[in-house]
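1. dropping the sequence and predicted coords here.
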Amino acid sequence: MSRLQVLVQLRWSDMDAYGHVNNVAMLTLLEEARIAAFWSRPSGAPAPTTAVLDAGPGADSHTLVARQEIEYLRPLGYQREPVTVLLWLGHLGGASLDVCYEVRDVAPDIATSTVVARAISTVVLVDAASGRPRRMTVTERDAWTPYLEEPLTLRRAARDR
C-alpha cells in the first residue's frame, strides 16, 4: 500500500465557534494537501515524485474539482502541530482522477493517530486554452500509478448500494 503523507498546518481562522476546525476549512486542508502532492514546484524546491502537474497561473493545464465528498468522523480541535493527510488514488481515468484522503490528528506516529475525516475528490485535467478536458499524459500516469489503490468507500455510499 503506497500512500502519500502530507503535513498541513492549521490556521487559527480554521476554527469555528464550537472550538473545532470548520467543515469549510476542512476542504481547504484537503486542497492544500492535494496541491502539495500533485503540483510541481518552482525549480529547486523539494517535491514528491508525484508532483508533476504544472497547473498554476499561466500553465497549459488546469485542474477542476468535479466532485467532493467528506465524511467527518470526529471534531478536529485547533492544534499548533500540522495535521497529517494521507492521499492515494482510487481511480485513474483518461482525463480524471479520484483522490482519496484520510485526515489524521497529531500523534507521535501515524499508527497511533486518529482519523478525523475521510474524503474523495474527483479532479479533471483541463486544457487551459480550450477549457476542455484533456487526456492524462504518460508522465502523469507513470508518476501516479504506484499510488493507485482500492477506492475509499464512505459510509453513506456503502448504504446507498
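-> Nice, thanks for sending it over.
2. could you use CA atoms for every contact and neighbour count after this?
-> Noted.
3. checking the nearest residue to Arg41 once chain neighbours are set aside next. Helix, strand or coil?
-> Among residues not flanking Arg41 along the chain, Ala47 sits closest, at 6.6 Å (C-alpha to C-alpha, 6 or more residues apart in numbering). Under DSSP: H, G, I helix; E, B strand; the rest coil, the three-state class of Ala47 is coil.
4. can you tell me the centre-most residue of the protein?
-> Centroid-nearest residue in the chain, with C-alpha atoms, centre = their mean: Arg34, separated by 3.5 Å.
5. centre of the chain to whatever helix or strand that residue lives in, how far?
-> Per DSSP states H and E, Arg34 falls inside helix 23-38. Helix 23-38 has its C-alpha centroid displaced from the chain centroid by 6 Å (C-alpha atoms, centre = their mean, to the nearest Å).
6. which elements pack onto that helix?
-> Applying 3 or more C-alpha pairs under 8 Å, 6 or more residues apart in numbering; DSSP states H and E, one finds that helix 23-38 makes contact with strand 4-8, strand 83-92.
7. in CSV: these, plus mean pLDDT and distance to Glu140.
-> Formatted as CSV, the helices and strands packed on helix 23-38 follow (pLDDT from 0 to 100; distance: least, C-alpha to C-alpha, whole Å):
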stretch, mean pLDDT, distance to Glu140
strand 4-8, 92, 15
strand 83-92, 95, 10
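8. most tightly surrounded among those?
-> strand 83-92 (a mean of 22; mean count of other C-alpha atoms under 10 Å).
9. just the pLDDT at Gln79, thanks.
-> Gln79 is assigned a pLDDT of 85 by the prediction.
10. contact partners for the residue nearest to Arg41?
-> 36-37, 40-41 (C-alpha atoms under 8 Å, 6 or more residues apart in numbering).
11. and which of those residues is nearest to Val126?
-> Taking C-alpha to C-alpha as the measure, Val126 lies nearest Ser40 of the contacts of Ala47, at 16.2 Å.
12. so for the closest one, what's the nearest residue that isn't a sequence neighbour?
-> The nearest residue in space to Ser40 (C-alpha to C-alpha, 6+ apart) is Ala51, at 4.7 Å.
13. check the gap between the one you found and Trp144 for me.
-> 9 Å (C-alpha to C-alpha, to the nearest Å).
14. all helices of the chain, in order?
-> 23-38, 138-144, 155-160 (DSSP state H).
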